[in-house]
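In: Sequence first, then the predicted structure, then my questions.
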Amino acid sequence: MRPTQSNSIRGFTLAELLISMALGAIVLGAAVQMYSKAVDSTFTVTQRAEMQQDVRSVQNIIEKDISLAGSGLPSGGVGLVAGTGTNPKYGCDQAACYINLGNGQVFPANQLYPIIPGRQLGPTVVAARGATDVITVAYSDNTFLLNDYTVTVNGPSGGTVTFTAPAVAPVPAPQAVNSPSVGLQVGDLVLFGAGNAIAEVTAAVPAGGSPYTVTFANPDALRINQSVAVSGNLKSQVGVAGLIATRIWVITYYIDNTGPTPRLMRQVNGTSPVAVADNVNDMRFTYDTYDANGNLLVAQDASATQPVLPNNIRKVNLSLSFHSPLQGNKGYQGFNIQTSISARNLSFKDRYN
């Protein structure tokens, strides 16, 4: 009789099990590392794309405003009310002021220039860079056809103005003065005549049709409606025939760091400021200036040693710094743009005069 043969099945030895576990851990660790890098890369790309989108949007808005500076304004700007001892200011709305430590900034030489530099008038966001810059530009509104109306400044102090629609409506017809979309709002600035006076709207225009009565009371937020002034106010326009009125935009850009993140603000006339971008670390301006003959002067930064004469400005150089909305594993990402903007309305020279 043959002996019975038994077959035994061997398992993994302890050494083989340890080696396989080590190899598996290495493969798993490499996979986790690759996944982590992919997540970081996606985060970085997303954050940078968002910053680039913000930069493009902000750049387009600022370039548009600066390129239009001076459009529709008298050459050299507009003289404001004088002889009162209290000068008009900008950078304020009906509730507060936002530049120069919340006090607002008086117009240089009591004049509304197309471009007003504001070196270090903003807050300090990054201590090593110091106070940020501010810029203010002014131009006329060519969308609201206020100049089609017949204008009557009511005496004796010029506290109200009557706007009467033309008997035969032109094409296109002027919008209603009390239109909620494009009409006059509290805080709007209106230029009367060929730069003879500027006034600030102080009350909502009543409902109804033409004629419209608009209030320009004294005092106003920007201290422009000063009936006791010797010049530059509405009182000087009482009884003037054929008067033309145009709304103007006085736009100030500044950084607000009172919230959780610094924001770039755009404040128009005496209306409330609007945020145009978040996470803005720094904003700087320098200016290229030219004399009356078109000769380039020193590129200036509006410092005490290099004062800028606003009427000599022809090009504005902008530097903006952003950081990413969220902090990654290696901190925030930074993004900086530098561009030059030509103020085309200030560069024109009438060679045929």
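Out: Looks like it came in fine.

In: I116 falls within a helix, correct?
Out: No: assessed by DSSP: H, G, I helix; E, B strand; the rest coil, I116 does not belong to a helix; its assignment is strand.

In: Identify the residues contacting it.
Out: I116 makes contacts with 90, 107-108, 135-138, 310, as judged by CB atoms under 8 Å, 6 or more residues apart in numbering. Where you see a C-beta, it was placed from the backbone N, CA and C, and this is true even at glycine.

In: Is it possible to get CSV of those that adds neighbour count?
Out: Converted to CSV, the contacts of I116 look like this (neighbours: other CB atoms under 10 Å):
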residue, neighbour count
Y90, 28
F107, 24
P108, 17
I135, 26
T136, 27
V137, 24
A138, 29
P310, 23
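
In: Which members of those residues are positioned in strands?
Out: When DSSP state E is applied, those are split such that 90, 135-138 fall in strands.

In: so which of these would you say is closest to S75?
Out: Relative to S75, the closest of the ones in strands among the contacts of I116 is A138; by CB to CB it sits at 13.1 Å.

In: How about T213: which residues does it bridge to?
Out: Beta-bridge partners of T213, counted by DSSP bridges, are T162.

In: go on, V134?
Out: Going by DSSP bridges, V134 forms beta bridges with G118.

In: I figured it hits Y254, correct?
Out: Yes: here V134 lies in contact with Y254, judged by CB atoms under 8 Å, at a distance of 4.6 Å.

In: residues bridging contact with those two, i.e. touching both?
Out: Shared between the contact lists of V134 and Y254 (criterion: CB under 8 Å, 6+ apart) are residues 91, 99, 118, 121-122.

In: Dump these to JSON lines, plus pLDDT and neighbour count.
Out: JSON lines is the format used below for the shared contacts of V134 and Y254 (pLDDT from 0 to 100; neighbours: other CB atoms under 10 Å):
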{"residue": "G91", "pLDDT": "94", "neighbour count": "28"}
{"residue": "I99", "pLDDT": "89", "neighbour count": "25"}
{"residue": "G118", "pLDDT": "90", "neighbour count": "22"}
{"residue": "L121", "pLDDT": "90", "neighbour count": "21"}
{"residue": "G122", "pLDDT": "91", "neighbour count": "27"}
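
In: out of the residues you listed, who's nearest Y287?
Out: G118 (11.4 Å).

In: ok, that closest one to V182 distance?
Out: Note on G118: its distance to V182, by CB to CB, to the nearest Å, is 28 Å.

In: Kindly report the same for H323.
Out: 36 Å.

In: So which of these two has more stuff around it?
Out: H323 (22 against 15; other CB atoms under 10 Å).

In: Which strand residues bridge that one?
Out: Beta-bridge partners, per DSSP bridges, of H323: G334.

In: what sits against it?
Out: Contacts of H323 (CB under 8 Å, 6+ apart): 51, 279, 281, 332-335.

In: so how far is R266 from it?
Out: The value you get for H323 to R266, if CB to CB is used, is 20 Å.

In: And P206, by the same measure?
Out: Per CB to CB, P206 is found 29 Å from R266.

In: Would you mind confirming that R223 is in contact with N87?
Out: Yes: here R223 lies in contact with N87, judged by CB under 8 Å, at a distance of 7.0 Å.

In: of the two, who's got more company?
Out: A count of neighbours by other CB under 10 Å puts R223 above the other of R223 and N87, at 21 against 16.

In: sec struct for that one, please.
Out: For R223, the assignment made with three-state DSSP gives coil.

In: Please apply the same query to the one 5 residues further on.
Out: When the structure is reduced to helix, strand and coil (three-state DSSP), V228 reads as coil.

In: And the pLDDT at the closest residue to it other than its chain neighbours?
Out: Distance criterion CB to CB, 6 or more residues apart in numbering; nearest residue to V228, sequence neighbours excluded, is T84 at 5.9 Å. In this model, T84 is scored at 76, pLDDT.

In: Please tell me I have it right and T84 contacts A229.
Out: Yes: when contacts are counted by CB under 8 Å, T84 is listed as touching A229 (5.0 Å).

In: Looking at the two now, which is surrounded by more residues?
Out: A229 (22 against 17).

In: Tell me which residues touch the nearest residue to the more buried one once chain neighbours are set aside, please.
Out: Excluding the flanking residues, the one nearest A229 by CB to CB, 6+ apart is V81, at 3.7 Å. Neighbour list for V81: 88, 110, 224, 226, 229, 231-233 [criterion: CB under 8 Å, 6+ apart].

In: could I get these as a markdown table with distance to V126 and pLDDT?
Out: Formatted as a markdown table, the contacts of V81 follow (distance: CB to CB, whole Å; pLDDT from 0 to 100):
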| residue | distance to V126 | pLDDT |
| --- | --- | --- |
| P88 | 32 | 93 |
| N110 | 34 | 89 |
| I224 | 35 | 93 |
| Q226 | 39 | 90 |
| A229 | 42 | 87 |
| S231 | 44 | 85 |
| G232 | 40 | 87 |
| N233 | 42 | 89 |
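
In: Once you drop chain neighbours, what's closest to Y113?
Out: P310 (3.7 Å).
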